[in-house]
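Q: turn this into a model:
(one chain, ligands or ions: 1)
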Amino acid sequence: MTTPRSDRAPLAVVTGASGALGNAIHGRLTGNGWRVVATYNTRPSLSDQRTTWVHFDSADDTSTSALRQAVDTHTGPLRAVFACAGAPSGKRPVAETPVSEFESVHQANVLSLVRTWHALADRARRDGTSIVAVGSDAGRAARPNNGPYTAAKAALESLVVTLAKEEERHGVRVNLIAPSLIDSPLARHVMALKGVTDPEAYAAQLPWGRALALDEVAAVCVELATAAHWSYASGQVYPLQAVR
Ligand SMILES: NC(=O)c1ccc[n+]([C@@H]2O[C@H](COP(=O)([O-])OP(=O)(O)OC[C@H]3O[C@@H](n4cnc5c(N)ncnc54)[C@H](OP(=O)(O)O)[C@@H]3O)[C@@H](O)[C@H]2O)c1
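A: Below you'll find the predicted structure:
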């Protein structure tokens, strides 16, 4: 049995911390003295003084207990959970997208939060934790050739609002940020699938003439979860995008 750490530093969970946005949030938190339980699926990292890494696969039942146990090794208050796990679609029309892709994209984007909540609900209710899930503007834009991702991010919005209503009496806040394109490896992968050959020119056509920066999205996530002036906000969806 692992002895819990008696450190009282605030604790956060970042799912999908091996990804670009999760990594940016993780870095911001540890830089400010937080302890972090960080999850990866296929890209492991080594734990250190500030970070406990845990394998977390939204399709794997053992991930629930693994995440719960990793958090239980810390006695500090669980102040925030950042649900960054997610996966893109194959960018094909619905007619050409296998049902299995709808299932796996839903699994990564939506059931990852369900599993996270199953692992953390008791601790979060005790500690009055704030949850920030990362959706996407795709959840409402419903652009063609992105059916599995669009459907998953729309479902994630509904899940977040439901959770917020269910958990309000426990002092748990649950919100969703819905960014547009972030300058990241995932975005470049998705652009390649869409046949975009000049990502800079593509970004220049976006509102404000650029994609969002990882750091500015990470800053919004951390502030929404932790700043006193957001302590009333729950069950909200915050788009991070501009209009033309
Ligand atoms: N990048 C963008 O332009 C953009 C825009 C809007 C919204 N978003 C959303 O922001 C979030 C983070 O994006 P990102 O750019 O950081 O993506 P990323 O670099 O691809 O990271 C995705 C993370 O999710 C994990 N993951 C994937 N499938 C999983 C599964 N089935 N179970 C558990 N974990 C799983 C990955 O783990 P491993 O890498 O270890 O396998 C990785 O840590 C995603 O929800 C994405 O939809 C991104």
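
Q: pLDDT of the lengthiest helix in the chain, averaged?
A: Secondary structure of the chain read by DSSP state H shows that its longest helix is helix 147-167. The average of the pLDDT scores along helix 147-167 is 98.

Q: what does the protein put close to the ligand?
A: 16, 18-22, 40-43, 56-59, 84-87, 107-109, 112, 134, 136, 179, 181-182, 184-187 (C-beta under 6 Å from any ligand atom). In this view, the C-beta of every residue, glycine as well, is placed from N, C-alpha and C.

Q: so A124 makes contact with V172?
A: Yes. Counting by C-beta atoms under 8 Å, A124 touches V172, with 5.3 Å between them.

Q: please enumerate the helices of the protein.
A: Going by DSSP H, the chain shows helices at 20-31, 62-72, 99-106, 112-127, 138-141, 147-167, 185-193, 199-204, 214-226.

Q: need those helices in TSV with mean neighbour count, can you?
A: Compiled in TSV, those are given as follows (neighbours: other C-beta atoms under 10 Å):
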stretch	mean neighbour count
helix 20-31	22
helix 62-72	17
helix 99-106	16
helix 112-127	20
helix 138-141	18
helix 147-167	20
helix 185-193	15
helix 199-204	13
helix 214-226	19
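
Q: contacting residues for the residue most central in space within the chain?
A: Nearest to the mean C-alpha position of the chain, by C-alpha atoms, centre = their mean, lies C84 at 1.8 Å. For C84, the contact set (C-beta atoms under 8 Å, 6 or more residues apart in numbering) comprises 14-17, 19, 21-22, 25, 134.

Q: just give me the closest of those to the ligand.
A: Nearest to the ligand among those: G19, at 1.9 Å, using C-beta to the nearest ligand atom.

Q: give me phi/psi at the closest residue to the closest one other than its chain neighbours?
A: Distances taken as C-beta to C-beta, 6 or more residues apart in numbering place C84 nearest to G19, at 6.1 Å, with adjacent residues excluded. Reported as degrees, to the nearest 10, the phi and psi values for C84 are phi -100, psi -10.

Q: let me know the pLDDT of C84.
A: 98.

Q: and it, how far from T15?
A: 6 Å (C-beta to C-beta, to the nearest Å).

Q: sorry, back to before: now for the longest helix of the chain, which elements pack on it?
A: Packing partners of helix 147-167 (3 or more C-beta pairs under 8 Å, 6 or more residues apart in numbering; DSSP states H and E): helix 99-106, helix 112-127, strand 130-134, helix 138-141, strand 173-179, strand 237-240.

Q: and the ones you listed as JSON lines, adding mean pLDDT?
A: Shown next, in JSON lines, are the helices and strands packed on helix 147-167 (pLDDT from 0 to 100):
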{"stretch": "helix 99-106", "mean pLDDT": "98"}
{"stretch": "helix 112-127", "mean pLDDT": "98"}
{"stretch": "strand 130-134", "mean pLDDT": "98"}
{"stretch": "helix 138-141", "mean pLDDT": "95"}
{"stretch": "strand 173-179", "mean pLDDT": "98"}
{"stretch": "strand 237-240", "mean pLDDT": "97"}
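
Q: between those, which one is closest to V196.
A: helix 138-141 (15.6 Å; C-beta to C-beta).

Q: endpoints of stretch 95-113, how far apart?
A: Taking C-alpha to C-alpha, to the nearest Å, stretch 95-113 runs 28 Å from one end to the other.
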